[in-house]
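Colleague: pasting the structure only:
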Ligand code: SF4
């Protein structure tokens, strides 16, 4: 099935009941949780992987989070997710919580309420997002978000469409909005061999990011193939079959290019 038709044929990915203020209680559809995350924000973090994503990134290693209607492990209220979070309070006291996915903006009202409760407990909140939605519910969520981990796939419009089945418009609007808010941002950039690992591309992304003073750090994420096995059981063809993982040398080169442009931390 063509990747673009995945999106167009599945209107429920944008089901408004998950994007607007819902009737009380708000129920979050949570694919899975992890109690000891170390790479999705500062310190040790409690992670909630939210179900549903409208993007179709060719390199996605979590295609099982795409379908908003797919069975999930947990259907919880924000209070129930907080209760689970607090079991790990001692571990995450120097870190916090991160909502990732999938695309957590698909369930903005739920995440907003969960983050609000976390902040009442003095817990740091981070949102890992592709920035694909920017509406009033998302703006309210950002008010209670301490740190945004924003994925930038590419700054080339045509390549963005090919890589994600979406235009880059929303991602750019989100970056601009975060800058206007003065919201701390960590950029995440997946580098995929043969797609976006050439110097021209890497330098263009670095130059784009350098315009934004809210960016505190850039994570260069090497493409890997660890999610490939998830596609077949979902009846999907792995779109990057045969593409090798990014080598350590190429990652080092990408880091050096970013560091030549940016003054923030690049890892
Ligand atoms: S935004 Fe993330 S979860 Fe969604 S398709 Fe892309 S990589 Fe996968």
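Modeller: Nice, thanks for sending it over. Here the structure is a predicted model, which means the values were calculated and not measured. Numbering: from 1, shown residues only.

Colleague: Show the contacting residues for the residue lying closest to residue 207 once chain neighbours are set aside.
Modeller: For residue 207, the nearest residue in space outside its immediate sequence neighbours is residue 261; the separation is 5.9 Å by C-beta to C-beta, 6 or more residues apart in numbering. (C-beta placed from N, C-alpha, C; glycine too.) Residue 261 makes contact with 203, 206, 207, 209, 210 under the criterion C-beta atoms under 8 Å, 6 or more residues apart in numbering.

Colleague: again, but for residue 191
Modeller: By C-beta under 8 Å, 6+ apart, the contact list for residue 191 reads 197, 202, 220, 221, 222, 223, 246, 250, 251, 254.

Colleague: Test my guess that the fourth one contacts residue 190.
Modeller: Put plainly, it is residue 221. Yes. Under the criterion of C-beta atoms under 8 Å, residue 221 makes contact with residue 190 at 4.6 Å.

Colleague: Output the set of residues of the stretch 101-250 of the chain in proximity to the ligand.
Modeller: When proximity is defined as C-beta under 6 Å from any ligand atom, the stretch 101-250 of the chain approaches the ligand at 101, 102, 103, 130.

Colleague: shaky segments in the protein?
Modeller: Low-confidence segments of the chain, defined by pLDDT under 70: 1-23.

Colleague: Phi first, then psi, for the residue most central in space within the chain.
Modeller: Compute the mean C-alpha point of the chain, and by C-alpha atoms, centre = their mean the closest residue is residue 129, 2.9 Å away. Dihedral angles phi and psi of residue 129 (degrees, to the nearest 10) take the values phi -140, psi 160.

Colleague: just to revisit the earlier point, so which of the contacts of residue 191 is the closest to residue 39?
Modeller: Set against residue 39, the nearest of the contacts of residue 191 by C-beta to C-beta is residue 221 (9.2 Å).
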